[in-house]
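In: model this:
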Amino acid sequence: MTTSKLKYTVPGMSEADAERVVDLLQSRLNAANDLHLTLKHVHWNVVGPHFIAVHEMLDPQVDAVRGFADDLAERIATLGGSPVGTPGRLVEARTWDEYSIGRATTQEHLGALDLVYHGVISEYRDGITELEELDPVTQDMFIAQTEQLELFHWFIRAHLEDKSGSLSTAGADTERGAAKKAASKRTSRKKG
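Out: Numbering: from 1, shown residues only. I've put the predicted structure just below:
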């Protein structure tokens, strides 16, 4: 996935290892750029009775994830790579679908975001495992970012959880499916 051969890397790391680490970093850079834009999209398009709570919960997440992107890009440069942050290259390289929910209720967006966070965190954890031998410095970065992403995911899931700990999105495998399940669970709670 690297676009060009590295001219140098950090002391003690082979060029082949550095190229693989740069690939992992670029993958997470793409995910962080996509996630912070998605979170801002939700911030602008969320409606309903819990609008202000969700609207205000998302801005710190946007800021943190935007910071992750900067850290990832700077690590790529430190390893002798060239980070790519252009929209076209992001769309070309991503392995996930475009966020599919527009103007919708808080529960619908939170349901969809549950799946978004699940995917992002899963990829980070895969990277953490691979980086164990390749580069503990980058692994530390991934671990720290994963800790924050898991916290943000918990914030999202707290809105989707019932008192028994069950998630309204359980079993959903698409954003639209998760949004629908979250919205219908909320509606059924109101009726009961």
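
In: buried set for whichever strand or helix holds Ile52?
Out: In the assignment (DSSP states H and E), Ile52 maps to helix 51-78. Within helix 51-78, the residues scored as buried using 16 or more other C-beta atoms under 10 Å are 54-55, 57-58, 61-62, 64-66, 68-69, 71-73, 75-76. For every residue, glycine as well, the C-beta is placed using N, CA and C.

In: next: stretch 118-134.
Out: Neighbour-count burial for stretch 118-134 flags His118, Val120, Ile121, Glu123, Tyr124, Gly127, Ile128, Glu130, Leu131, Leu134 (criterion: 16+ other C-beta under 10 Å).

In: surely Asn30 meets Leu90?
Out: Yes: Asn30 lies in contact with Leu90 (C-beta atoms under 8 Å); the separation is 5.2 Å.

In: tell me which of these two has more neighbours.
Out: Set side by side, Asn30 and Leu90 show more neighbours around Asn30, with 24 against 16, by other C-beta atoms under 10 Å.

In: so the strand or helix carrying the more buried one versus helix 51-78, what angle?
Out: Counting by DSSP H and E, the element that carries Asn30 is helix 15-45. Per axes from the mean of the first three to the mean of the last three C-alpha atoms, to 10 degrees, the angle that helix 15-45 makes with helix 51-78 is 160 degrees.

In: so how far is helix 15-45 from its chain's centroid?
Out: How far helix 15-45 lies from its chain's middle: 8 Å, per C-alpha atoms, centre = their mean, to the nearest Å.

In: who does that helix touch, helix- and strand-wise?
Out: Using 3 or more C-beta pairs under 8 Å, 6 or more residues apart in numbering; DSSP states H and E, the elements in contact with helix 15-45 are helix 51-78, helix 87-93, helix 106-134, helix 136-158.

In: contacts for the shortest one?
Out: It stands for helix 87-93. With C-beta atoms under 8 Å, 6 or more residues apart in numbering as the test, helix 87-93 has contacts from Met1, Gln26, Ser27, Asn30, Asn33, Asp34, Val84.
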